[in-house]
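In: Structure here, sequence nowhere to be found:
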């Protein structure tokens, strides 16, 4: 009998062990990230107050790196009360491209937060690793502004590395408070907000104010600023202008990176001084630069000071060399025009910026070297040859703006080769390509916002974007419909 009991106990233990393994395998195999597409997107989003959606492309390396972190975060957040839903959409799928366009997906991965059944859509601006995603989304799914009831609450919210906006009110009701909460909802993905009935809890500023007043804390310049206009637009403008340093520092310190991002995303003219910040004599340069920045404060111009060590990607983008530092670059509000002053001295800064403001500085155009040989079927166009090869050539030109890393561009390349071969004996048609990452596009005829972008300029000067299918036959049909017929007929006469 004892042996029988022992056998049953052993069997029960094995069954429990196998069940545990099965449950563990089931948990591991379950996907917590919800897959959505055009067919179920609107219905799914409309049913939830808070959904995070990743728009991705299967070939995108950054998307592949994010995938396991995103899945891990989704698993953790599925246990949150209430659960936080993480979803994904393959924006590379033809059926989903309308969705990607609707939500202005310009690169991969793009993450969006959909609130209130999709009525409010915000950019995800948090970390890309699982623990950071979880922490960020827990805050984002909670109240837009946290109540500060003690000095401890204030110290937990306000530190010396981020911008925090706090509203001080005599009561948590009324138009001022409602407008403050509306501001917090609108800007919550960019800033942290708090509200309190007692200013004595706050770390800096006058403690006797009863409000209503908005106090913005920041880790630079004057450290805090008060504001009393509770019009929502006025509040938003105040926050945006106050959250950009007089001079943004671009170095290897990660705590500065959010402010660098705000600088480059701002709608203002951008002035950038790049220098070796550890070199002798740099203090004079920095001092003169700050004087100029303070002089133009409030005039729609932002200033950045970049250390050479952290600025290599910027050098590559602007097409400049380290040998040119100290170097000032000014970029126009639309990003299309740039102005350059290399190897400058401290005393050059103020007069050169003044000359720029007075329209006396010519724009700088980044260009690849003109190729010594250009014998391929698709001709290489660079910024310095754009005028001659496209606008003054007297030819009908199909021009592709591409990026070397772009997968769609690589797919299109052999097709354009075939189109170029088709027109090999037609001297009035030219098929060209321009690397838009290595050459500035200053001509207003071309609006390049993604890759590949294709334009056609007929011999008589009409510029038309190509928006058809990317097949040899479709390109040829488009060229024939849009080319300058008079030039083509003249060419035929000459051959006869």
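Out: It's in. The shown structure was predicted, so the numbers you read here are calculated from the model rather than taken from an experiment.

In: could you say which helix or strand contains residue 394?
Out: Taking DSSP states H and E as the criterion, no element holds residue 394; it sits outside all helices and strands.

In: which phi and psi does it have?
Out: The phi and psi torsions at residue 394 (degrees, to the nearest 10) take the values phi 70, psi 10.

In: and the gap between the nearest residue to it once chain neighbours are set aside and residue 485?
Out: Spatially, and ignoring its direct neighbours in sequence, residue 394 is nearest to residue 459 (5.6 Å; C-beta to C-beta, 6 or more residues apart in numbering). All C-beta atoms are positioned from the backbone trio N, CA, C, and that covers glycine. Look at residue 459 and residue 485: by C-beta to C-beta, to the nearest Å, they are 9 Å apart.

In: Compare the two (neighbour count), which wins?
Out: Per other C-beta atoms under 10 Å, whichever of residue 459 and residue 485 has more neighbours is residue 459, with 20 against 14.

In: ok, back up a step: the residue nearest to residue 394 contacts residue 484, doesn't it?
Out: Yes: Residue 459 sits in contact with residue 484 when judged by C-beta atoms under 8 Å, with a separation of 3.7 Å.

In: Could you pull out the residues contacting both of those two?
Out: By C-beta atoms under 8 Å, 6 or more residues apart in numbering, residue 459 and residue 484 have these common neighbours: 396, 428.

In: Geometric centre of the chain: which residue is closest?
Out: Closest to where the C-alpha atoms of the chain average out (C-alpha atoms, centre = their mean) is residue 265, at 7.7 Å.

In: can you pull the contacts of it?
Out: With C-beta under 8 Å, 6+ apart, residue 265 has no contacts at all.

In: same thing but at 10 Å, please
Out: 190, 244 (C-beta atoms under 10 Å, 6 or more residues apart in numbering).

In: cool, and residue 369?
Out: 382, 384, 438.

In: how much space between it and residue 105?
Out: Applying C-beta to C-beta to residue 369 and residue 105 gives a distance of 34 Å.

In: three-state assignment of residue 161?
Out: Counting by DSSP: H, G, I helix; E, B strand; the rest coil, the backbone at residue 161 sits in coil.

In: thought it was touching residue 254?
Out: Yes: look at residue 161 against residue 254 with C-beta atoms under 10 Å: they come within range, at 9.4 Å.

In: between the two, which one's more packed in?
Out: In this view residue 161 and residue 254 are compared by other C-beta under 10 Å, and residue 161 has more residues nearby, 11 against 8.

In: what about the closest residue to that one other than its chain neighbours, is that helix, strand or coil?
Out: Counting by C-beta to C-beta, 6+ apart, residue 161 lies nearest to residue 255, which is 4.7 Å off, once chain neighbours are set aside. Using three-state DSSP, the structure places residue 255 in helix.

In: I figured residue 255 hits residue 219, correct?
Out: Yes: at 7.6 Å, residue 255 counts as touching residue 219 under the criterion of C-beta under 10 Å.

In: Residue 482 contacts residue 458, correct?
Out: Yes: Residue 482 lies in contact with residue 458 (C-beta under 10 Å); the separation is 5.8 Å.

In: Common neighbours of these two, please.
Out: Contacts common to residue 482 and residue 458, judged by C-beta under 10 Å, 6+ apart, are 396, 464.

In: what touches both of residue 459 and residue 485?
Out: residue 396.

In: picking that back up, compare residue 255 and residue 219 (neighbour count), which wins?
Out: Here residue 255 and residue 219 are compared on neighbour count by other C-beta under 10 Å; more neighbours surround residue 219, at 15 against 11.

In: List the contacts of that one.
Out: 159-164, 245, 255-256, 259.

In: Any quick ChimeraX command for the buried ones out of these?
Out: Buried residues among the contacts of residue 219 (16 or more other C-beta atoms under 10 Å), as a ChimeraX selection:
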select :162,163,164,245,256,259
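
In: For the stretch 351-496 of the chain, which segments count as helices?
Out: Secondary structure of the stretch 351-496 of the chain, counting by DSSP state H, counting those that start in this stretch: helices at 386, 407-422, 472-482, 485-495.

In: Tell me which residues of the second one come out buried.
Out: Neighbour-count burial for helix 407-422 flags 408-409, 412, 416, 418-420, 422 (criterion: 16+ other C-beta under 10 Å).

In: tell me which element the closest residue to residue 85 other than its chain neighbours is part of?
Out: Once flanking residues are discounted, residue 85 sits nearest to residue 51: 4.8 Å by C-beta to C-beta, 6+ apart. In the assignment (DSSP H and E), residue 51 maps to strand 50-56.

In: neighbouring strands for that strand, and are they parallel or not?
Out: Next to strand 50-56 in the sheet, as set by DSSP bridges, lie strand 85-90 (parallel), strand 110-115 (antiparallel).

In: Tell me which other helices or strands the helix or strand just after the first one touches.
Out: Where DSSP H and E defines the elements, the next helix or strand beyond strand 85-90 is helix 97-102. Helices and strands touching helix 97-102, by 3 or more C-beta pairs under 10 Å, 6 or more residues apart in numbering; DSSP states H and E, are helix 41-46, strand 50-56, strand 85-90.

In: Show me which parts of the last one are buried, residue by residue.
Out: Right, strand 85-90. 85-90.

In: so can I have JSON lines of those residues showing distance to residue 344 and pLDDT?
Out: Compiled in JSON lines, those are given as follows (distance: C-beta to C-beta, whole Å; pLDDT from 0 to 100):
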{"residue": "85", "distance to residue 344": "53", "pLDDT": "95"}
{"residue": "86", "distance to residue 344": "49", "pLDDT": "97"}
{"residue": "87", "distance to residue 344": "50", "pLDDT": "97"}
{"residue": "88", "distance to residue 344": "48", "pLDDT": "97"}
{"residue": "89", "distance to residue 344": "48", "pLDDT": "97"}
{"residue": "90", "distance to residue 344": "49", "pLDDT": "96"}
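
In: Export the residues you listed to JSON lines and append columns for distance to residue 236.
Out: Output for those, formatted as JSON lines (distance: C-beta to C-beta, whole Å):
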{"residue": "85", "distance to residue 236": "29"}
{"residue": "86", "distance to residue 236": "29"}
{"residue": "87", "distance to residue 236": "29"}
{"residue": "88", "distance to residue 236": "31"}
{"residue": "89", "distance to residue 236": "30"}
{"residue": "90", "distance to residue 236": "35"}
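
In: List just the nearest of those residues to residue 143.
Out: residue 85 (18.9 Å; C-beta to C-beta).

In: got the contact list for the closest one?
Out: Taking C-beta under 10 Å, 6+ apart as the test, what residue 85 contacts is 32-34, 44-45, 47-53, 74, 77-78, 114, 141.

In: Now list the buried members of those.
Out: 32-34, 44-45, 48, 50-53, 74, 77, 114, 141.

In: shouldn't residue 69 be in contact with residue 133?
Out: Yes: Residue 69 lies in contact with residue 133 (C-beta under 10 Å); the separation is 6.7 Å.

In: Can you check which residues contact both of the two?
Out: residue 127.

In: Those two: who's more crowded?
Out: Per other C-beta under 10 Å, whichever of residue 69 and residue 133 has more neighbours is residue 133, with 25 against 17.

In: Quick check: that one vs residue 474, distance?
Out: Distance from residue 133 to residue 474, by C-beta to C-beta: 42 Å.

In: same thing with residue 281?
Out: 60 Å.

In: And the residue lying closest to residue 86 once chain neighbours are set aside, its phi and psi?
Out: Nearest non-adjacent residue to residue 86, counting by C-beta to C-beta, 6+ apart: residue 74, 3.9 Å away. According to degrees, to the nearest 10, the main-chain angles of residue 74 amount to phi -60, psi -40.
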